[in-house]
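Visitor: Provide a 3D model corresponding to the input given below.
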Amino acid sequence: MDLTLGEQLLLLTLDADSGRFRHQLQTEYAASAAALLELALADRIRLEGDRVLVRDAAPLGVPGLDGPLEQLAQQGEKDDLHRWIFALRRPAFDPALRALADKGALREERKGALRRTRYELLAGETVAATRERLAAVATRGEEPDERTACLVVLIHHGGLWETVLPDADQEALARRVTEITQGHWAHPALQQITDSIVTTLSSFASTTTATIIVNS
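Guide: As a prediction, this is how the structure comes out:
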């Protein structure tokens, strides 16, 4: 199954038992950052300082990427990467969710007296294979391809490892992610945008975690 980085993140953080997303706010931020990384990989955007510049506004044919790209093109250079990750949370998350339903990876259900929405996971084998690929890279030292390296970085700095690989040594994961972020980017422009996303995601993840603790 061909999935974007954002779609993979959603599947990895969906709780198959409850049908809801673990740490949904953190997942939304990570999905937004994933969309920006995908656009950078497709040479649609680049950074100039902290500003996101659109190099090519031509649609990619992927709703979860074309919507954010259109917003970026319309806004010009008004906002920096930090603000865009915040602003694109739902424009990246919601289309990724619909795309997963269209691809048969999950099914939306409304249950109970309050008709609460839950999602039935239909792509268990895909999720298991993705987790195994991540474990091979993050815990056993296998070399990642560029997209897997991006996914590892998004999960780590989005604060999602405990959901994705709950039994892994978190300190060892952090060391491995440092190795990946320092040595697996072929293009300087991608390194620049990845570094900026890492800083922003880490900030959002820390703030979100603190809010959850205070409100618990």
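
Visitor: and Leu36, what element?
Guide: Taking DSSP states H and E as the criterion, Leu36 maps to helix 24-41.

Visitor: Show me the strands in this protein, by range?
Guide: Along the chain, the segments classed as strands by DSSP state E run 14-15, 20-21, 45-48, 51-54, 106-111, 116-121.

Visitor: For the ones you listed, give me a markdown table that also has mean pLDDT, distance to Arg98 and mean neighbour count.
Guide: C-beta: built from backbone N, CA, C; applies to glycine. Listed next are the strands of the chain as a markdown table, based on pLDDT from 0 to 100; distance: least, C-beta to C-beta, whole Å; neighbours: other C-beta atoms under 10 Å:
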| stretch | mean pLDDT | distance to Arg98 | mean neighbour count |
| --- | --- | --- | --- |
| strand 14-15 | 96 | 14 | 20 |
| strand 20-21 | 94 | 14 | 16 |
| strand 45-48 | 89 | 23 | 18 |
| strand 51-54 | 90 | 24 | 17 |
| strand 106-111 | 88 | 9 | 13 |
| strand 116-121 | 92 | 11 | 15 |
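
Visitor: and Val164, which of those strands is closest to it?
Guide: Closest to Val164 of these, according to C-beta to C-beta: strand 14-15, at 11.0 Å.

Visitor: Please name every helix or strand in contact with the closest one.
Guide: Packing contacts for strand 14-15, counted by 3 or more C-beta pairs under 8 Å, 6 or more residues apart in numbering; DSSP states H and E, involve strand 20-21.

Visitor: what about the chain, any weak spots by pLDDT?
Guide: Residue ranges of the chain with pLDDT under 70: 76-78, 112-115, 184-189, 205-216.
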